[in-house]
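Colleague: Let's see this in three dimensions:
(chains A and B)
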2 protein chains.
Amino acid sequence: MKELDIVGKSIDRPDARAKVSGRALYCDDLPSVSGLLYAGIIKSPVPAGRIKGIHIEDALSVDGVVDIVLAHHIPGKNLVPLIFDDWIVLADKEVRYAGEPIGVVVAEHPRALDIALNKVKVDIEPLPALLSPFDAMKPDARKINPRGNIFNHHKIRRGDVESGFAEADIVVEGEYQTGYQEHAYLEPLSLMAKPTPDQGMQVWGGMQCPFYVQSAVATVLGIALNKVEVIQTTTGGAFGGKEDVPSRFAGIVALAAWRSGRAVRLTFSREEDIVSTSKRHPSFSRYRIGARRDGRLVACTAEVIMDAGAYATLSPSVSWRATVHCCGPYRIPNVRVDVYAVATNKVPAGAFRGFGTPQVIFAMERVMDELANQLKMDPLELRRRNILRRGDTTVTGQRLPWSVGLGRTLQECAKKSNWKKRRKAAEQSTGTKKRGIGCATFLYGVGLGAAGRKIDRAEASVQVEGDGSVRFSVGTTEMGQGMESVLTQIVAEALGGISPGLVTMTEVSTSRVQDSGPTVASRATYMSGNALRIACSQILNRMRAVAGERLHIPASRVVVTGGRFKAGTEEIDFREIACECFERHVPLSARALYDSPPTSWDAETGQGKAYVVYSYATHIAEVEVDTETGIVSVLRFWAAHDVGKAVNPQLVEGQIEGGVVQGIGYALMESLLTANDGHILNPDFETYIIPTSKDIPEIYPIIVESPYPEGPFGAKGFGETPLMGCGAAIANAVSNAIGRPITRLPILPEDILALFKICSAPNR
Amino acid sequence: MKELDIVGKSIDRPDARAKVSGRALYCDDLPSVSGLLYAGIIKSPVPAGRIKGIHIEDALSVDGVVDIVLAHHIPGKNLVPLIFDDWIVLADKEVRYAGEPIGVVVAEHPRALDIALNKVKVDIEPLPALLSPFDAMKPDARKINPRGNIFNHHKIRRGDVESGFAEADIVVEGEYQTGYQEHAYLEPLSLMAKPTPDQGMQVWGGMQCPFYVQSAVATVLGIALNKVEVIQTTTGGAFGGKEDVPSRFAGIVALAAWRSGRAVRLTFSREEDIVSTSKRHPSFSRYRIGARRDGRLVACTAEVIMDAGAYATLSPSVSWRATVHCCGPYRIPNVRVDVYAVATNKVPAGAFRGFGTPQVIFAMERVMDELANQLKMDPLELRRRNILRRGDTTVTGQRLPWSVGLGRTLQECAKKSNWKKRRKAAEQSTGTKKRGIGCATFLYGVGLGAAGRKIDRAEASVQVEGDGSVRFSVGTTEMGQGMESVLTQIVAEALGGISPGLVTMTEVSTSRVQDSGPTVASRATYMSGNALRIACSQILNRMRAVAGERLHIPASRVVVTGGRFKAGTEEIDFREIACECFERHVPLSARALYDSPPTSWDAETGQGKAYVVYSYATHIAEVEVDTETGIVSVLRFWAAHDVGKAVNPQLVEGQIEGGVVQGIGYALMESLLTANDGHILNPDFETYIIPTSKDIPEIYPIIVESPYPEGPFGAKGFGETPLMGCGAAIANAVSNAIGRPITRLPILPEDILALFKICSAPNR
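Modeller: Next comes the predicted model:
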């Protein structure tokens, strides 16, 4: 393989300067245009009930109020198209969670909104709320959602678990629970819609999935897709929280703009954002694993219940991914898995970095550590004996022909962390501040996999200007994760190693490339990167032909490297050839669609090629537990990730660091509580605690590269993985420190104190 | 050829509703964004002088003034790149015409601009102004422009004119003169620039040539082309007046935005627009033609001087086109043509519908009528005997293998107008109201021709959405001429005859397609239409393959018509196949570059394939001249145009009607006068008279279709032609009416009265 010029280098982020200087324009920063209206959402005050009437007269008479829009004003369908068609835009007959949108007040100035919202009277006949998935699963439970209360039951049936357990020398069981996690992105939801002169709609906003928003707006307004242009504005973090949620609110804002004929903007306060948007699914898992005395796993059963909230939204996919990842990155011949996504009268849970896997990784890795305890085996050694290696087959029956760097992540992590020494030291720690060290190994299916096959494609469009500068467009989005940097490097490399400074990404718009699917599932580098690589190679080949003429050698013999076309000692700059191509009318643009390789899934057995490739990682956490205060401090964290190829190593390290911090929050702090009346109790950052800089341990990012031949320059996606093992590794470290099993995330001080009987266990 | 579904139908303009309802947003209508600044131009008060100092202190202290930007603030080059590199953005050392931009005042509100502009003191040492090209051509004349005062001398040398004239039975000579014409578009120049977060610049405005503007802004700011995005806003007429002019002012506005870091808008008042922007070149021609007694032309010489103003801008091209079109659409074996574009201390003349040809068509057709008089031959008959027909060779030595519909235009026009009868009636008119009828035949080279070969390319990008609706992007612009309708029809046809309602054009932006050259020279239908046709056929072929599978026949046998894929009686809707392709990841997008066929030109002899194809026309005007008031009324006007294929017949008729009205203004009313001090005397519509609805005669548009095989569905460009013959036909009709030769346009009442010695001839 040719030496790489740009891929593999830690170039500065092209979006960094605009962001740190304040020049970047987030949706709410967009210069307010004259005639701009402001929107405020009328929300359900109760978690369940029948709408008997909505009285808006008083609110309409508030000075500055222009319009109040309700479900019956929708010209198209009251529907946000997603996986199931159960998600509505504005509640009309029934409300299904506290905070559910019922209507929208549109006013000339934001001051009028609160006054008017207080004057809207919604007459609701309350229904008994089902807030627990266990209640909702009961056969006689009231139907929360017209589809029924069990959205999904995904399965894996592999081998014969009964004979597997019969073969086992040791069988370990455990029940595990995880809570909500709030995305806590820097930028709350903000969307703006403006009618276009040709009776279409333009929508701007911080979002992950412009094509989802396009489809929602077209559906709500009842217009064709080519009449809706969705433009992603600079997005201040997302983490899955801006995957499906903007679709519903864009539908509402577009509806308001459609009726008024004016631009309308909706920007959530932090509190409103936490109340109204999706979160990580709370989960309840029951695991049973059996192993031989040498640690070899022979059987695993898992039953997982995920609390999906009132609408299915993404839960069918989230629970499917949880299913595939349920049994960790191990060779297990006999497996039975049952994963359920269940409706409750709560805000819909949705996508969150890891997408259903941190919950099951926590459970699986905890039960693995319990097994190691029983076997009196080093937990890392137990994993070493079971992990997937090249040529192995996953629990879904998928053979792994390449790019399985898990063993190396384990080895590197063990070595860099000095695992054995620290584990021994932990065992010897005494007093009230107890040290512990724990690990987790895990995998992550890159891209949408078999469940998302239908939409797993991405287009790119590349244009080289007459001066050799380059513009490219993709349909996946930069949301802080560094996609713009990575794709810029891929373009610079694929055009022959030109300076990344010559390359610019256009704003992401549904009008620039075909529907490229969502920006989720760590797929942007892989999917858009490949589309770009194809488009660039078409352009480069045309340039190479022109360079060949100039250099008097066949095009195939022209070497392109360092942004120069070379024949022996003679060389010509990329910009010079671009200029010549321009003058000779050689086309220097291309569009290319990358189609993800085939995947498969059998719903009855859960067998198939679930994902095109997997990323792998090992996490090791060292903690100190203060048994008097219950406070857990993470001291050090080692995270080794097989990313295929690190397009920008500094960004990979940054992603690891950010993911670990977010994972520490998930493991130790972030506890979102729902009251008995269905309201979220702590929708702010004073009471919903996320890590601060003082909570951040020494983090040691370790990059492992096991190239994926189908990926751009060997890269595979990995953006989500750094968070995924944190809960498990930290819980294992805490269990190691205190000698008692942790079964619930987050591990709050009161949980630790309860384990030491200093207080009673809090009810969550 | 397959029956056409959409091309050839008079569909409603897709841009009509937005325009007539007021929803369309012209640049000055763009919602004012918070932080928007307003720009006002500091103009030279004298036509020629050396700048000694610019005192801005008092102006800077005016309340609301943010900045005053002068030439030395330019970070890149003080240059508007065009044909020659002589055109500057802001005058620094010298001013070359009254009104030339010297700087720009930038203020928070437009009120501050006038006050501040009055306080700027520019200290200029005047130089003697050269206002006439004859003075400027003198060998000892002061150099107005660093390139010298003769920008161009284009030639045709064909055969041997001396022996040609020796062969002639009759030789006729004439001197002709034409004046300025102001574009008088509805929307004065308006441009807005906004710095982008990534240190680039976005520019919006009413314009014809976004890529010219992009290049100018990049040059002025010293940044790469991919950092400049130029977006055309709805453009309220242009007629050539928004070809080159926006480049200079966009450079100025972008410079102001660059320095302030804020959005800046410049919108001209009507007066400022007339003073500051280009006009049709005044011309002075001397013709001599020789013919045999049967009317056969044997020789022609022409010397043409065009008043170019202070910078070359487009004059090299305008004068080249004048050269090629100088001798009309006739077979002439011996030709000598000399065309000069000459600098004067006046605002640069530039592009105007017809681009240098109405001047020479007037001269040539007048001298042809004089020849007919001498021969006592019907002037239409004289033309019939000499016009180019298929297989003939032009005066530049170009053979015409196809699409020469001139004969049919002449025939149809003669028939529809009842030429002979009316001509006879005119001869018999008596009294002070004299009737006359006159004709003109002419051709027009479509596209940029050999002089513009380097930039004669166009790209298109087409995207079919998952619901079968379609978006397309091109780099040529809609400016009122109907391009959007025509290209929408071409896309609808090329995708298998789908409903044009399914098709939408995106706003034109330099970021959406490669540099596609300017929107001039009647090239948009032909160039962008062909690029679209290629892109659509790539998409349709992929759809056809999918349809073939569904219909169980080979793709090649699938018939696509009326928006349906057919096999026998079975048929599937376009939208259904689009949806299937979307789900199967069949790419439904394409970019395609159309490269104009080769052209050639020998500068010494003026021989070559000047244009890829020509449009042809015959105009006949019937007038009544009141010899007591001097007022000429056009009573009826017949205009027959060979357009190859009328993509939208109603639009062709509309173009003919609009062009004739504009031509009547040029022939009879529009007189822009320059004072001795170089100022334009009548920069407003009270004193610069354009036709009103009461001046419009009965216009009879006649469409002739002589298909151009290389054009989209046989079409060739024609948008400019309807104006081009009006001056000539009306002048010939007036000459016919009054029995005296007309030698100057416009033909004002005082000119008629002078011919009857009622007053003395006005000096222009």
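Colleague: going forward, measure contacts and count neighbours with C-alpha atoms only.
Modeller: Noted.
Colleague: Could you find the closest non-adjacent residue to A:Gly49?
Modeller: Spatial nearest neighbour of A:Gly49, excluding adjacent residues (CA to CA, 6 or more residues apart in numbering or on different chains): A:Pro126 at 3.9 Å.
Colleague: Mind pulling the model confidence for the one you found?
Modeller: pLDDT recorded at A:Pro126 is 96.
Colleague: Could you tell me how many residues sit around it?
Modeller: For A:Pro126, the count of nearby residues is 15 (other CA atoms under 10 Å in any protein chain shown).
Colleague: Surely it and A:Arg50 touch.
Modeller: Yes. Applying CA atoms under 8 Å as the test, A:Pro126 and A:Arg50 come out as touching, 6.3 Å apart.
Colleague: average pLDDT for the longest helix belonging to chain A?
Modeller: Ordering each helix of chain A by length in residues (DSSP state H) puts helix A:524-551 first. Averaging pLDDT along helix A:524-551 yields 97.
Colleague: who touches the following helix or strand past that helix?
Modeller: Following helix A:524-551 in sequence order, the next helix or strand is strand A:559-561 (DSSP states H and E). For strand A:559-561, the external contacting residues (CA atoms under 8 Å, 6 or more residues apart in numbering or on different chains) are A:Asp5, A:Gly496, A:Gly497, A:Ile498, A:Arg544, A:Phe565, A:Lys566, A:Ala567.
Colleague: For the residue nearest to A:Gly49, grab phi and psi.
Modeller: The phi/psi pair for A:Pro126 (degrees, to the nearest 10) reads phi -70, psi 150.
Colleague: With adjacent residues omitted, what lies nearest to A:Arg422?
Modeller: The shortest distance from A:Arg422 to any non-neighbouring residue, by CA to CA, 6+ apart, is to A:Ile437 (7.0 Å).
Colleague: and that neighbour, which of the three is it?
Modeller: Under DSSP: H, G, I helix; E, B strand; the rest coil, the three-state class of A:Ile437 is strand.
Colleague: residues contacting the residue located most distally from the centre of chain A?
Modeller: Within chain A, the residue lying farthest from the chain centre (CA atoms, centre = their mean) is A:His552, at 50.6 Å. Applying CA under 8 Å, 6+ apart to A:His552 gives no contacts.
Colleague: if I look at it, how far off is chain B?
Modeller: According to CA to the nearest CA, to the nearest Å, A:His552 stands 24 Å off from chain B.
Colleague: Please identify the helix or strand for A:Ala310.
Modeller: With DSSP H and E as criterion, A:Ala310 is part of no helix or strand.
Colleague: Report pLDDT for it.
Modeller: For A:Ala310, the model assigns a pLDDT of 97.
Colleague: Stretch A:179-195 near chain B at all?
Modeller: No. Residues of stretch A:179-195 contacting chain B under CA under 8 Å from any CA of the partner chain: none, with a closest distance of 9.5 Å.
Colleague: thinking again about what came up before, and the longest helix of chain A, which residues are buried?
Modeller: A:524-540, A:542-548, A:550-551 (16 or more other CA atoms under 10 Å in any protein chain shown).
Colleague: for the residue farthest from the centre of chain A, phi and psi?
Modeller: Main-chain torsions, A:His552, degrees, to the nearest 10: phi 60, psi 40.
Colleague: Around chain B, pick out the residues from the stretch 351-500 of chain A.
Modeller: Within the stretch 351-500 of chain A, the positions near chain B by CA under 8 Å from any CA are A:Lys454, A:Ile455, A:Arg457, A:Gln463, A:Val464, A:Glu465, A:Gly466, A:Asp467, A:Ser469, A:Val470, A:Arg471.
Colleague: so where does the fourth one fall, helix or strand?
Modeller: The one in question is A:Gln463. Element membership of A:Gln463, judged by DSSP H and E, is strand A:457-464.
Colleague: Let's test this: mean pLDDT of the helix or strand that that strand is followed by, rounded?
Modeller: For strand A:457-464, the following helix or strand on the C-terminal side (DSSP H and E) is strand A:470-474. For strand A:470-474, mean pLDDT rounds to 98.
Colleague: in its sheet, what does strand A:470-474 sit against?
Modeller: Counting by DSSP bridges, the strands paired with strand A:470-474 are strand A:457-464 (antiparallel), strand A:503-505 (parallel).
Colleague: what angle do the longest one and helix A:524-551 make?
Modeller: Spelled out, it's strand A:457-464. Relative orientation of strand A:457-464 versus helix A:524-551 (axes from the mean of the first three to the mean of the last three CA atoms, to 10 degrees): 30 degrees.
Colleague: And for strand A:457-464, what's in contact with it?
Modeller: The contact list for strand A:457-464 (CA under 8 Å, 6+ apart) reads A:470-476, A:512-517, A:527-528, A:531-532, A:535-536, A:578, A:588-596, B:513-514, B:585.
Colleague: what does the shortest one give?
Modeller: Residues lying outside strand A:503-505 but in contact with it, judged by CA under 8 Å, 6+ apart, are A:Ser469, A:Val470, A:Arg471, A:Phe472, A:Ser473, A:Glu484, A:Thr488, A:Val491, A:Ala492, B:Asn226, B:Lys227.
Colleague: need these in a markdown table with distance to A:Pro45 and neighbour count, can you?
Modeller: What follows is the contacts of strand A:503-505, written out as a markdown table (distance: CA to CA, whole Å; neighbours: other CA atoms under 10 Å in any protein chain shown):
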| residue | distance to A:Pro45 | neighbour count |
| --- | --- | --- |
| A:Ser469 | 54 | 23 |
| A:Val470 | 52 | 27 |
| A:Arg471 | 48 | 23 |
| A:Phe472 | 46 | 28 |
| A:Ser473 | 43 | 24 |
| A:Glu484 | 41 | 23 |
| A:Thr488 | 47 | 29 |
| A:Val491 | 50 | 33 |
| A:Ala492 | 53 | 25 |
| B:Asn226 | 50 | 27 |
| B:Lys227 | 49 | 26 |
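Colleague: Out of these, which is nearest to A:Thr721?
Modeller: Ranked by distance to A:Thr721 (CA to CA), the contacts of strand A:503-505 are led by A:Glu484 at 19.1 Å.
Colleague: one step back: list just the one of the strands paired with strand A:470-474 that sits closest to B:Asn676.
Modeller: Per CA to CA, nearest to B:Asn676 of these: strand A:457-464, 49.7 Å.
Colleague: gap between the two ends of stretch A:690-702?
Modeller: Distance between the two ends of stretch A:690-702: 25 Å, counting by CA to CA, to the nearest Å.
Colleague: Just the buried positions in that stretch, please.
Modeller: A:Ile690, A:Pro691, A:Ile696, A:Pro697, A:Ile699, A:Tyr700, A:Pro701, A:Ile702.
Colleague: What of stretch A:55-63?
Modeller: A:Ile56, A:Ala59, A:Leu60, A:Val62.
Colleague: Surely the first one is in contact with A:Lys119?
Modeller: Yes. Using CA under 8 Å, A:Ile56 is in contact with A:Lys119, at 7.3 Å.
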